[in-house]
Structures are given as C-alpha cells and as structure tokens.
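Student: coordinates only, no sequence provided:
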C-alpha cells in the first residue's frame, strides 16, 4: 500500500512536469506563428525643409570631415564612409527626382556641398574634395569651376609618391644615374627605376640633380609647372 501511494505521487508529479513543458512549447509556438507587426515606414518628406533635413542627415558623415576653420582637425574621409554616403545620396535622389520640392532642396544643398569641396581643396584634402564634387553632381548640379577642380584633384591623386634610393656617378661620362622608387597612391604598387636627367617615366620627368643639396628635382608632367624636390639618401 505504501509503495502504491508513492507510485501515484510519482506519476502525478511527472504528469504535472510534462504538462508544464507542453504548455511552454505551445506558448513559444504561438508566439512564433503570430504575424510580426509591420515596420513603420520611413518618414516621408512633405516640405522642402523636410527634404533638406533628410539630405543633411545623409551627408552628416561627410560634413564631419570638413575642416571649416584652421583650428579644426577633423578626421580624414575613410573609403567606406565615402562609398556609403555616395550610395545613400544616389538612392535618395533617384527616389525623389520627380518631386518639385525635392528638386528645390537638391539645389539648396548642392550650393553648400560646393563650398565644402572648395574648403577641402584649400586644405589639400583632395579625396574629400572629390567626394563632395560627386555629391554635387548627383544632386544634378553643374559647375565649370568644380569640373576643373575635379580634373586637378584626379591628377594629384594619381601622382605617385617618389623616393630617391641612391646615386651612381659615371666618371667616364660625367653623368649620374639615380635609383628611384615610385609608389602608386591608388593601388599601392611599388616600382623601381634607374634614370638620368631628362628621362621620363610614369608621368614623371627628371629635371635636375642638385648635388650640394642632395636633392633631385622632378616634374609631374600632367600638371604644367608642378615640380617636386626629393631628398636622396645621406651616406
């Protein structure tokens, strides 16, 4: 009799346990099957000011890199940030290009972005300047001055880094050979060249060697009158 009561109590307790587990499973399944609440759509701009506000929100990461005053030293524009801003701006313009209020906002913001491009140029932040020009053009604006600025910026970014690694004097001819290493700023590719005064390579011309200063003067051919003085190794 004693063991019979113990068995009934065991079955009863186990039955309660399993019923509890089954109930929890049903609750979880019911929650999982419940349709999700639809996400709230993004706020649709209704006025020109609304469009301007959203445009400036997209441009905020770019604006954070603009050195508006000499005292400021904002971070340099990272490539992933540039891609993100350009892509988001392109999508926004495509989606709202037929709206007259959006078109007014595009013109207003484009004027401000053009100023950013000039500030970046004045501070030799050419990657930032070109990003601003990209945004300016996506907004549908055109400027001959910014077109020329783009050309110069692209030329400067394409200018390789130049290092003079050594000299070799030929006593018979009196000529000096310089050993140059150039690095492509865009790809990072390195190249070594042996050259003399007058030689040209990778849009670079060797203009002269100034021995008493241990300096080689190069000319960057795509930009007329742009000379680069590079110091050689000191032995």
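Tutor: Yep, that arrived. Because the structure is a prediction, the values reported are computed rather than measured.
Student: centre-most residue in this protein?
Tutor: residue 79 (2.3 Å; C-alpha atoms, centre = their mean).
Student: contacting residues around that one?
Tutor: By C-beta atoms under 8 Å, 6 or more residues apart in numbering, no residues touch residue 79. C-beta here means a position set from N, CA and C on the backbone, and glycine is covered the same way.
Student: how far away is it from residue 127?
Tutor: Residue 79 is 8 Å from residue 127, where distance means C-beta to C-beta, to the nearest Å.
Student: how about residue 231?
Tutor: Remark: distance between residue 231 and residue 127 (C-beta to C-beta) = 26 Å.
Student: quick one: which of the two has more around it?
Tutor: Using other C-beta atoms under 10 Å as the criterion, residue 231 and residue 127 rank with residue 127 on top: 17 against 12.
Student: that's a strand at the more buried one, yeah?
Tutor: No - Residue 127 sits outside any strand when classified using DSSP: H, G, I helix; E, B strand; the rest coil, being helix.
Student: pLDDT at it, what is it?
Tutor: Residue 127 carries a pLDDT score of 90 in this model.
Student: any low-confidence regions in this structure?
Tutor: 1-43, 235 (pLDDT under 70).
Student: can you pull out the helices in it?
Tutor: Taking DSSP state H to define them, one finds helices in the chain at 2-33, 48-63, 79-96, 100-122, 126-138, 144-158.
Student: tell me which of those is the most buried.
Tutor: Across these, averaging neighbours per residue (mean count of other C-beta atoms under 10 Å) puts helix 126-138 on top, at a mean of 22.
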